[in-house]
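Undergrad: Provided below are the primary sequence and the corresponding predicted coordinates.
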Amino acid sequence: MDWSASTWWWIAAGVLVVGELLTGTFYVLMLAIGCIVGALAGYAGISFFAQVAVAVVVGGAAVLAWHRRRVRDPGRVPPAANRDINLDIGEQVHVDGWNADGTARVPYRGSAWNVRWIGDGPPAPGLHVIAEVRHNELALRRAA
């Protein structure tokens, strides 16, 4: 069986995709894209060294582009404050009074919850918004 250079590029791309699935590192997937372009260059009939150069340039550029995108990303919302993960974020609760340490006990969704003040200034009774869910405690800010 005689395999062409493009077949080896496809095998390398497949191995890199499996590696990405095992590690969860998106950078490895960018290198797989370089191998795919190397395979396409092999189909075009260019020399093996040109195939390697094209694969390295495209894979390296994809890695640099992904890294630049991640650096520019302002950062994800932590899971404790992410409404896509926890639908309680943004809901309102009424606090009748606060303890001296910035905690209170409030009724919410049919049970009593421990709440903690994380807003600016001293806590005051009234309507508050759930900003985070920290284990079994709600972190509150003053409602706007």
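TA: Arrived safely.

Undergrad: for the spatially closest residue to Pro79 that is not a sequence neighbour, helix, strand, or coil?
TA: The shortest distance from Pro79 to any residue other than its chain neighbours is 5.2 Å, reached at Ile85 (C-beta to C-beta, 6 or more residues apart in numbering). C-beta: built from backbone N, CA, C; applies to glycine. Following DSSP: H, G, I helix; E, B strand; the rest coil, we place Ile85 in the coil state.

Undergrad: correct me if wrong: Ile85 contacts Pro78.
TA: No - proximity of Ile85 to Pro78 does not meet the contact threshold set by C-beta atoms under 8 Å, at 9.5 Å.

Undergrad: if we can go back for a sec, quick one: pLDDT of the residue nearest to Pro79?
TA: Confidence at Ile85, expressed as pLDDT, is 85.

Undergrad: next, count neighbours for it.
TA: Residues within reach of Ile85, counting by other C-beta atoms under 10 Å, total 12.

Undergrad: could you check how far the nearest residue to Ile36 once chain neighbours are set aside is from Gly38?
TA: Nearest non-adjacent residue to Ile36, counting by C-beta to C-beta, 6+ apart: Ala13, 5.0 Å away. For Ala13, the distance to Gly38 under the criterion C-beta to C-beta, to the nearest Å works out to 8 Å.

Undergrad: re earlier: and the residue nearest to Pro79, what are its phi and psi?
TA: phi -100, psi -40 (degrees, to the nearest 10).

Undergrad: and it, how far from Gly38?
TA: With distances defined as C-beta to C-beta, the gap from Ile85 to Gly38 amounts to 39 Å.

Undergrad: rewinding a little: quick check, the residue nearest to Ile36 in contact with Val37.
TA: No - under the criterion of C-beta under 8 Å, Ala13 makes no contact with Val37, lying 9.3 Å away.

Undergrad: what comes up buried for the longest strand along the chain?
TA: Among all segments of the chain classified by DSSP state E, the strand with the greatest residue count is strand 126-134. Burial within strand 126-134, assessed by neighbour count using 16 or more other C-beta atoms under 10 Å, is assigned to His128, Val129, Ile130, Ala131, Glu132, Val133.
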